[in-house]
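In: sharing a sequence plus its predicted fold:
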Amino acid sequence: MTAFTTFSPPGKPHIVCHAEYEQGSEQWLQARCGLLTASEMKLIVTEKTMKAASNDKERAHLYELLAQRVTQHVEPHYIGDDMLRGHEDEVYARLTYAEHYAPVTTDTAFMTNNRWGFTLGYSPDGLVGDDGAIEAKSRRQKLQMQTLVEGGTPPEHAMQLQTGLLVSERQWIDYVSYSGGMPMYVHRVYPDAAVHEAIVNIAGGFEARLAEKLKIYKEAAARFVPTKRRVEQEMF
């Protein structure tokens, strides 16, 4: 079992911050293993209606998390060009933000909050003082152009930002949209109580379904021959 360096913010023992490792590292993956996290909340919450999703992606995510909880293993995912560019752009976005807006700390790679009777996770791209955070996105130039012209927060990132605010209990998150060669877009997002209520209710129902499926799995697994994992293959 991997050892983590953890701490809680003053007066908030229900929040646990994991430090001293990088996002994407083996330790980071292990800390997130089996947990509902901000980046994947859009898979279980329908952003337009604020209702529980019921589709193939939601079901696939349920079984992925269930498998992780049973095996304590996170399978490797394909790393494409956009993701590789995103890792580099995130660094530049954070540096540019720190230069023109406010200092950013990166001593928290992942945090969890269990105040609802279940645990949600969030990986901040950076924390700003005691109240804020940033979420940096690397964007293709056509999307950056659209965001600069239309403003606001792109719908595909709204649920992640609100879940990040819910988990971190911070007062705001600056959405930072970065595309090299174009102006960096920064938009401040504040907690939305109605969205937070929907996230908690839907996540609670999702956790109940996970518990039910786990019972079924244990009954089924007892009837079959167990195996051992022999090869862990990375995907690039």
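Out: The structure has been received and is ready for your questions. Numbering: from 1, shown residues only.
In: list the contacts of residue 190.
Out: Each residue near residue 190 by CB atoms under 8 Å, 6 or more residues apart in numbering is listed here: 165, 171, 172. (C-beta placed from N, C-alpha, C; glycine too.)
In: against residue 88, how distant is it?
Out: 29 Å (CB to CB, to the nearest Å).
In: same check, this time on residue 188
Out: Taking CB to CB, one finds residue 188 at 25 Å from residue 88.
In: ditto for residue 171
Out: 30 Å.
In: between these two, which has more neighbouring residues?
Out: residue 171 (14 against 11; other CB atoms under 10 Å).
In: contacting residues around the closest residue to the more buried one other than its chain neighbours?
Out: Counting by CB to CB, 6 or more residues apart in numbering, residue 171 lies nearest to residue 131, which is 4.3 Å off, once chain neighbours are set aside. Shown in contact with residue 131 (CB under 8 Å, 6+ apart): 170, 171, 172.
In: need these in CSV with secondary structure, distance to residue 31 and pLDDT, can you?
Out: Output for these, formatted as CSV (DSSP: H, G, I helix; E, B strand; the rest coil; distance: CB to CB, whole Å; pLDDT from 0 to 100):
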residue, secondary structure, distance to residue 31, pLDDT
170, coil, 19, 98
171, coil, 25, 98
172, strand, 25, 98
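In: quick check, nearest of those residues to residue 120?
Out: residue 170 (14.0 Å; CB to CB).
In: so which strand or helix has the residue nearest to that closest one when sequence neighbours are not counted?
Out: Spatial nearest neighbour of residue 170, excluding adjacent residues (CB to CB, 6+ apart): residue 133 at 5.2 Å. Secondary structure from DSSP states H and E places residue 133 in strand 132-138.
In: which stretches of the chain form strands?
Out: Along the chain, counting by DSSP state E, strands occupy 5-7, 15-19, 36-37, 45-46, 51-52, 110-113, 120-122, 126-128, 132-138, 172-178, 185-189.
In: and the first one, which strands flank it?
Out: Spelled out, it's strand 5-7. When sheet partners are counted by DSSP bridges, strand 5-7 sits next to strand 15-19 (antiparallel).
In: next: the last one.
Out: Partner strands for strand 185-189, per DSSP bridges, with pairing direction: strand 172-178 (antiparallel).
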